[in-house]
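Novice: One predicted model, sequence on top.
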Amino acid sequence: MKFIPTPKSTTHSLTPTLDRLERDVHLKVFFAHIQDQEDDIPKLYVIKSDWRPNTIQIPPVFDHRLNNFQSSLKKLFKRRRGKPNLLPFQERVLSELVANRNLLFPDTDKGLGPCAVTYEQYVQDGLQHLNDATTWAPITADEAVALAVSLEAQVEDWLKTHDLALSEMETKYIRNHMKANRKDPFGYFYLLYKIHKEPISTRPVCSDVNSLLFGLGKWIDTQLQPVAQAQPAYFQDSFALRSMLMKLEVPPNARLFTADAVGMYPNIPTEPALAEISQYLREQAGVKFNHYDPDALIEALEIVFCNNVVRFGDLYRKQISGTGMGKPPAPPWANIFMAIKEDMFYPVFQAMLIFYKRFIDDIIGLWLCDPDPEEDERLWLAFKANVNNWHGLQWIFSERSFSVDFMDMTISISNGRIETTLFEKKQNLYLYIPPSSAHPPGMISGLIFGGVLRIERLCSKKEDVDAKLVQLYHRLLRRGYTPSRLIPLFVKARANARLYLARSERGHALVRAERKHAARRRVYFHIKYHPQDPLSHEIQSLWHQHVANPPDRLPLPTLENYQGGKVPIDQLVIAYSRHRNLRNMLSVRKLTNRGREVSSFL
């Protein structure tokens, strides 16, 4: 679904690209005399601005160089017919699929590839969730609109009440999102298909990015994340988990186990969760955490989690219990809710739990078995019962064993140590983007470098690393890549991975700092990639010739603005974006123009 059909014609209008580049250069020049300082404003709250300096505030030499660069570029970029990367029959099939109102192509859960369902089946599957009266309440379109008006007023009241607890940037960010989303203020309900489950089921998701409360939800997320990440069971990702596991010395009577929550998000009851989390936040404010105002945060939680309204076609539903998956603060909310329970049961079973971690709705642990089998079974059953005694949230536990599959790893006990290798679901189709897709050329490099580093970091044994690298290589061959293209990339990727793994934490920090500094001394040439456009090195050559280092002229970084500041531009980066892919063409969130309204299926 990530495949990009080649656009019908090449890029011929550079006006938006060159205008954006000119503004970026002018801003660098205008502020060149201001000492480079770390920006303390979180990127989340940086609101796009179209402000630019007046031309008279920029020394003419910069526009002279830019004009020469632009004139040369326009000679390169001519409108030409794009060479298609689909055969005529493939283009016809794609057109028919796009026009087919009775067929939908939703994503599958766990990234296992695309699937196809009929419109009727999709609607019926969605209604199975939305008709659950314990979770969703039906409301009319007029009631939904009235609620949106009321919610905006509530948020405005909240902003005024807690003005002192919010920065000016935070307030502006929340208001801007409400204004931008006012015309269509609701989240959209959609499904992911769990094709790895038997029978196949669906995961309900709320696309919240365009909802009225999205900005407030993002603010809550920034407040809750430090709290969630401070919990004892928290870990960031597979790499962090493996690092913890590698430090363990495993006793002979220890066994691994996992547990998976049953529909965690929809089964977290809203009112009890709000009460538990609110109490925790109040108790820990000023004790363990100093970054939030408990009154402001708790009131915001109530607004967001008690007013989730979604659209599904022409239907509107208000969530009366459960957590909307897809809402920004849902992960830390769920993490903290379960962490409160963990603080209760962990001291009771600490002697048996020599290792215990959780990634939202997935638990992994090491259980120290009692020498007496009957006592061990009693303790194990008591532990599971205790975990499952938390406001109705249920967990399915694996058997205790020497090896478990968890997230993207198979984790095993061997000779008193932990070993890991990659775990991949059998349904994975390995649909890597083929070379014929109209993607920027750096795509395959990033895929291989990232894939190789992941293998090197997650596999304990050299033979596993080698086997997984060979697998990746052959999977890419089957997608159409040639050995001559792949082998040099794999060689470079392995060298890069080894360099990364050999680097100390301090070394990683220095590299990050260097990259951050270099990023502040770049300007960007933003353009959508087309395979028949001039190559990036041609653009770079013209930039070097006309702007960065023209013959017999001073290099760009040595030029000064009117206040005597040297211009911090060392590099032009060609920042490619992409055209529409198959997912954009075929996947849907808004069920419109299907010939039959969703409400007719009730």
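Specialist: Noted; the coordinates are in hand.

Novice: any weak-confidence spans in the stretch 401-550 of the chain?
Specialist: The stretch 401-550 of the chain contains no residues with pLDDT under 70.

Novice: those strands in it, which residues are they?
Specialist: Ranges of strands within the stretch 401-550 of the chain are 403-406, 409-414, 417-422, 522-528, based on DSSP state E, counting those that start in this stretch.

Novice: which residues in the stretch 251-400 of the chain form strands?
Specialist: 254-261, 309-312, 315-319, 353-359, 362-368, 395-397.

Novice: do the same with the stretch 51-200 of the chain
Specialist: 103-104, 117-118, 136-139, 187-194.

Novice: ranking those by burial, who's on top?
Specialist: strand 187-194 (a mean of 22; mean count of other C-beta atoms under 10 Å). The way it works is simple: take the backbone N, C-alpha and C, and place the C-beta from them, glycine included.

Novice: C-terminal to that strand, what's the next element?
Specialist: strand 201-207 (DSSP states H and E).

Novice: still on that earlier bit, any chance of a markdown table for the strands of the stretch 51-200 of the chain, columns distance to Ile298?
Specialist: Output for the strands of the stretch 51-200 of the chain, formatted as a markdown table (distance: least, C-beta to C-beta, whole Å):
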| stretch | distance to Ile298 |
| --- | --- |
| strand 103-104 | 40 |
| strand 117-118 | 41 |
| strand 136-139 | 24 |
| strand 187-194 | 22 |
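
Novice: possible to save the ones you listed as a markdown table with mean pLDDT?
Specialist: Compiled in a markdown table, these are given as follows (pLDDT from 0 to 100):
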| stretch | mean pLDDT |
| --- | --- |
| strand 103-104 | 92 |
| strand 117-118 | 94 |
| strand 136-139 | 96 |
| strand 187-194 | 92 |
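
Novice: Asn428 is nearest to which of these?
Specialist: Evaluated over the strands of the stretch 51-200 of the chain, closeness to Asn428 peaks at strand 187-194, with 13.8 Å, by C-beta to C-beta.

Novice: If you drop the residues flanking it in sequence, what lies closest to Leu18?
Specialist: Counting by C-beta to C-beta, 6 or more residues apart in numbering, Leu18 lies nearest to Gln70, which is 5.2 Å off, once chain neighbours are set aside.

Novice: Save the strands of the stretch 401-550 of the chain as JSON lines, and put in distance to Phe239 too.
Specialist: Shown next, in JSON lines, are those (distance: least, C-beta to C-beta, whole Å):
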{"stretch": "strand 403-406", "distance to Phe239": "13"}
{"stretch": "strand 409-414", "distance to Phe239": "10"}
{"stretch": "strand 417-422", "distance to Phe239": "10"}
{"stretch": "strand 522-528", "distance to Phe239": "28"}
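
Novice: how about these, which one is nearest Ser238?
Specialist: Of all the strands of the stretch 401-550 of the chain, strand 409-414 sits nearest to Ser238, with 5.8 Å by C-beta to C-beta.

Novice: That closest one packs against which elements?
Specialist: If you count contacts as 3 or more C-beta pairs under 8 Å, 6 or more residues apart in numbering; DSSP states H and E, strand 409-414 packs onto helix 238-246, strand 254-261, strand 403-406, strand 417-422.

Novice: quick one: buried residues of the shortest one?
Specialist: What that stands for is strand 403-406. Using 16 or more other C-beta atoms under 10 Å as the test for burial, strand 403-406 gives Val404, Phe406.

Novice: do the same with stretch 230-238
Specialist: Buried residues in stretch 230-238, counted by 16+ other C-beta under 10 Å: Gln231, Ala233, Tyr234, Phe235, Ser238.

Novice: re earlier: was I right to think the residue nearest to Leu18 contacts Leu14?
Specialist: Yes: between Gln70 and Leu14 there is a contact at 7.5 Å, judged by C-beta atoms under 8 Å.

Novice: between the buried residues of stretch 230-238, which is nearest Lys160?
Specialist: Nearest to Lys160, judged by C-beta to C-beta, of the buried residues of stretch 230-238 is Gln231 at 32.7 Å.

Novice: burial count for the closest residue in space to the closest one that isn't next to it in sequence?
Specialist: Using C-beta to C-beta, 6+ apart and skipping the chain neighbours, the partner closest in space to Gln231 is Ala339 (4.0 Å). For Ala339, the count of nearby residues is 21 (other C-beta atoms under 10 Å).

Novice: quick one, what contacts Ala339?
Specialist: Residues in contact with Ala339 (C-beta atoms under 8 Å, 6 or more residues apart in numbering) are Ala228, Gln231, Pro232, Ala233, Tyr234.

Novice: Greatest separation within those: which pair is it?
Specialist: Ala228 and Pro232 (11.5 Å).

Novice: Of all the strands of the stretch 401-550 of the chain, which one is nearest Arg457?
Specialist: strand 417-422 (9.5 Å).

Novice: on contacts alone, who are the packing partners of the closest one?
Specialist: Right, strand 417-422 is packed against helix 238-246, strand 409-414, helix 442-458, helix 462-478 by 3+ C-beta pairs under 8 Å, 6+ apart.

Novice: make it 6 Å
Specialist: Using 3 or more C-beta pairs under 6 Å, 6 or more residues apart in numbering; DSSP states H and E, the elements in contact with strand 417-422 are strand 409-414.

Novice: Now the strand it packs on: buried residues?
Specialist: Neighbour-count burial for strand 409-414 [16+ other C-beta under 10 Å]: Met409, Thr410, Ile411, Ser412, Ile413.

Novice: Can I get those residues in CSV including distance to Asp552?
Specialist: Shown next, in CSV, are the buried residues of strand 409-414 (distance: C-beta to C-beta, whole Å):
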residue, distance to Asp552
Met409, 59
Thr410, 63
Ile411, 64
Ser412, 66
Ile413, 70
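
Novice: for the record, mean pLDDT for stretch 91-99?
Specialist: Averaging pLDDT along stretch 91-99 yields 94.

Novice: List the buried residues for that stretch?
Specialist: Within stretch 91-99, the residues scored as buried using 16+ other C-beta under 10 Å are Leu94.

Novice: again with stretch 79-86
Specialist: Neighbour-count burial for stretch 79-86 flags Gly82, Asn85 (criterion: 16+ other C-beta under 10 Å).

Novice: chain center to it, what's the gap?
Specialist: Remark: stretch 79-86 is offset 32 Å from the chain centroid, using C-alpha atoms, centre = their mean, to the nearest Å.

Novice: what number of residues lie near the residue nearest to Phe257 when sequence neighbours are not counted?
Specialist: Computed as C-beta to C-beta, 6+ apart, the closest residue to Phe257 that is not its neighbour in sequence is Arg400, at 4.8 Å. For Arg400, the neighbour count with other C-beta under 10 Å is 17.

Novice: out of Gln70 and Leu14, which sits in the busier spot?
Specialist: Per other C-beta under 10 Å, whichever of Gln70 and Leu14 has more neighbours is Gln70, with 20 against 16.

Novice: how far away is that one from Pro551?
Specialist: Between Gln70 and Pro551 the distance is 18 Å, computed by C-beta to C-beta, to the nearest Å.

Novice: what does Glu283 give?
Specialist: Taken as C-beta to C-beta, the span from Glu283 to Pro551 is 69 Å.

Novice: For those two, indicate the residue with more neighbours.
Specialist: Shown here are Glu283 and Pro551; by other C-beta under 10 Å, Glu283 has more neighbours (11 against 6).

Novice: Now do the same contact list for that one.
Specialist: Residues near Glu283 by C-beta atoms under 6 Å, 6 or more residues apart in numbering: none.

Novice: gap between it and Val227?
Specialist: Distance, Glu283 to Val227, using C-beta to C-beta: 12 Å.

Novice: Likewise for Arg521?
Specialist: According to C-beta to C-beta, Arg521 and Val227 sit 36 Å apart.

Novice: so where's this structure uncertain?
Specialist: By pLDDT under 70, the low-scoring segments of the chain are 35-43, 45.

Novice: Could I get the contacting residues of Leu582?
Specialist: Going by C-beta under 6 Å, 6+ apart, Leu582 touches Met1, Phe3.
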